[in-house]
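Novice: the amino acid sequence is not available; the structure is as follows:
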């Protein structure tokens, strides 16, 4: 009974690396079974022996660069998948039927960089004060506008937020954030510190140092780490920590020893706590 | 979907619309031009949704062979790129896809999808064996992402005609992406390939009316305005699912 090994043996199968055709029967069969079996064994070993890795800022930036440069992912693609993970995590942590206020309004606050893009995707209202000039972000904005998602012109006061929205999605600053917070984000963050509705932060609670956290910064109820959690997540004290961004190629995961957990079925999020 | 409950009208549910070839092209142009969706973004959404539909039709536990192998056959245009994205997500879902992609698209947009698959260590076949038994033995199923609604059937040359002949003879299930390859978008091909499963993207096409196999609708991103404008009458997807069985 012939199987995949036989296809390799006949020289039909080409491995992805270098695209060269393998012609040696013995080597082929071994390579074939190794391509998939090795990854599975590695993943099993990882979840048993090691815990998931928490990334520093530089590492996170390197991984990002590699995904775009080596792995040829486009920003569009990854942002779409990351946004999907965020929306899914929010719906798991705050299911529609659990929301106290009707209609199910959610405030999504988007910052200037890539983290802002991820935040765009319940009855969401968007606050997107500093839109980058890049076509991608203009396109994402148009998509939202055409979905009749209302855009706020300024940050509501904390008590208004508490009255109108069920939760706030914080997609202001991501893992490349460094230095001082510029306006209008300073004011936005100070309002967020006063609100009582839950905050779900995308990748890094905005205003936090990517590695050290921030004891007097916003304290979100949910954190959605993308790709892999960052060191700041060690200081996260909220109820829900989700991992999202299910697109990490096995080779990249191995290179950085991310030790990612096995996502359940086809889910694009994994609950870490 | 953001239409609130007080918009539901107490009338009978309108039937799902099946689109013609020109309508499919018009909707897509509108998505790209007016709604500013990116081509890669759409292909990612479709490929991901396709993969999820496949896991519903053929869960890992249901596959009969020892390894969860499947063959993804990709054509030169958009349908093929959707197949590449689908293969990548199936890999993430612990399936073992192998890709056959004889004529790679020259567009850099589509080339990126190839690199992404290669970098996921997904093997690529160098040619499709005509001996059908090899395919039947090696794979649990075949995903047909060869020709889509964008194809001009009169222009279909080798190697696709030959590939379709081979696929018509396989005994393992065929899952077609969007339109069974070789079928006219507007009507089924009488002696074309006969997939067991059809995964319609965004909205079903006219040729799928009366499709007797398992039929999924995949891709949950269409703005409500477009749905209303073309009277698509899409069904309500359950929960946060992006796939629904029709």
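Specialist: Thanks, I have the structure now. This is a predicted model, so every value here is computed, not measured.
Novice: what is the lowest-mean-pLDDT helix or strand in chain B packed up against?
Specialist: The helix or strand of chain B with the lowest confidence, counting by mean pLDDT, DSSP states H and E, is helix B:224-229 at a mean of 88. Judged by 3 or more C-beta pairs under 8 Å, 6 or more residues apart in numbering or on different chains; DSSP states H and E, helix B:224-229 is in contact with helix B:21-33. For every residue, glycine as well, the C-beta is placed using N, CA and C.
Novice: just the mean pLDDT for the helix it packs on, thanks.
Specialist: The pLDDT scores in helix B:21-33 average 93.
Novice: what's the span of stretch B:185-201, first residue to last?
Specialist: Stretch B:185-201 has its terminal residues 13 Å apart, counting by C-alpha to C-alpha, to the nearest Å.
Novice: so what touches the helix or strand following the least confident helix or strand of chain B?
Specialist: Per DSSP states H and E, the first helix or strand lying C-terminal to helix B:224-229 is strand B:243-245. Residues outside strand B:243-245 that contact it (C-beta atoms under 8 Å, 6 or more residues apart in numbering or on different chains): B:49, B:52-53, B:56, B:214-218, B:220, B:235-238.
Novice: residue A:70: neighbour count?
Specialist: Using other C-beta atoms under 10 Å in any protein chain shown, residue A:70 has 14 neighbouring residues.
Novice: tell me how far it lies from chain B.
Specialist: To chain B, residue A:70 is 7 Å away according to C-beta to the nearest C-beta, to the nearest Å.
Novice: grab the nearest non-local neighbour of that residue.
Specialist: Nearest residue to residue A:70, sequence neighbours excluded (C-beta to C-beta, 6 or more residues apart in numbering or on different chains): residue B:119, at 7.0 Å.
Novice: show me what the nearest residue to residue B:246 once chain neighbours are set aside is bridged to.
Specialist: Using C-beta to C-beta, 6+ apart and skipping the chain neighbours, the partner closest in space to residue B:246 is residue B:215 (4.5 Å). Partner residues in beta bridges with residue B:215, using DSSP bridges, are residue B:198.
Novice: show me what contacts residue B:215?
Specialist: B:197, B:198, B:200, B:204, B:208, B:245, B:246.
Novice: hmm, try it at 7 Å
Specialist: Contacts for residue B:215 (C-beta atoms under 7 Å, 6 or more residues apart in numbering or on different chains) come out as B:198, B:200, B:208, B:246.
Novice: for it, give me the pLDDT.
Specialist: 96.
Novice: what's the answer for residue A:185, then?
Specialist: Here, the pLDDT recorded for residue A:185 equals 89.
Novice: repeat for the one 5 residues further on
Specialist: At residue A:190 the predicted local distance difference test score is 94.
Novice: once you drop chain neighbours, what's closest to residue B:189?
Specialist: Nearest to residue B:189 is residue B:183, by C-beta to C-beta, 6+ apart, at 4.5 Å.
Novice: and that neighbour, what does it touch?
Specialist: Neighbouring residues of residue B:183 by C-beta under 7 Å, 6+ apart: B:189, B:192, B:207.
Novice: restricted to helices, list the residues you listed.
Specialist: The members of the contacts of residue B:183 all map outside helices under DSSP state H.
Novice: in ChimeraX, select just the buried ones from those.
Specialist: To isolate the buried ones among the contacts of residue B:183 in ChimeraX, judged by 16 or more other C-beta atoms under 10 Å in any protein chain shown, type:
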select /B:192,207
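Novice: which of the contacts of residue B:183 lies closest to residue A:175?
Specialist: The nearest member of the contacts of residue B:183 to residue A:175, counting by C-beta to C-beta, is residue B:207 at 46.7 Å.
Novice: residue contacts, the closest one?
Specialist: Residue B:207 sits next to B:179, B:183, B:184, B:185, B:186, B:187, B:188 when contact means C-beta under 7 Å, 6+ apart.
Novice: distance of it relative to chain A?
Specialist: 28 Å.
Novice: again with residue B:37
Specialist: Plainly put, residue B:37 is 6 Å away from chain A if you go by C-beta to the nearest C-beta.
Novice: what number of residues lie near residue B:128?
Specialist: Counted with other C-beta under 10 Å, residues neighbouring residue B:128 total 18.
Novice: okay, the closest residue in space to it that isn't next to it in sequence: pLDDT?
Specialist: Once flanking residues are discounted, residue B:128 sits nearest to residue B:100: 5.3 Å by C-beta to C-beta, 6+ apart. In this prediction, residue B:100 carries a pLDDT score of 96.
Novice: tell me the bridge partners for residue B:100.
Specialist: Counting by DSSP bridges, residue B:100 forms beta bridges with residue B:73.
Novice: buried ones in stretch B:204-211?
Specialist: Those would be B:204, B:205, B:206, B:207, B:208, B:211, for stretch B:204-211 by 16+ other C-beta under 10 Å.
Novice: I meant stretch A:186-203, not that one.
Specialist: Buried residues in stretch A:186-203 (16+ other C-beta under 10 Å): A:188, A:189, A:191, A:192, A:195, A:197, A:198, A:199, A:200, A:201, A:202, A:203.
Novice: show me the shaky parts of chain B.
Specialist: For chain B, the stretches with pLDDT under 70 are B:1-12.
Novice: mind listing the strands for the chain?
Specialist: Because you didn't say which chain, this covers chain A. Along chain A, the stretches classed as strands by DSSP state E are A:13-14, A:105-110, A:123-127, A:150-152, A:167-171, A:199-202, A:222-226, A:240-244, A:269-271.
Novice: that's the wrong chain, I wanted chain B
Specialist: Using DSSP E, the strands found in chain B span residues B:69-74, B:96-100, B:124-125, B:141-145, B:174-177, B:197-201, B:214-218, B:243-245.
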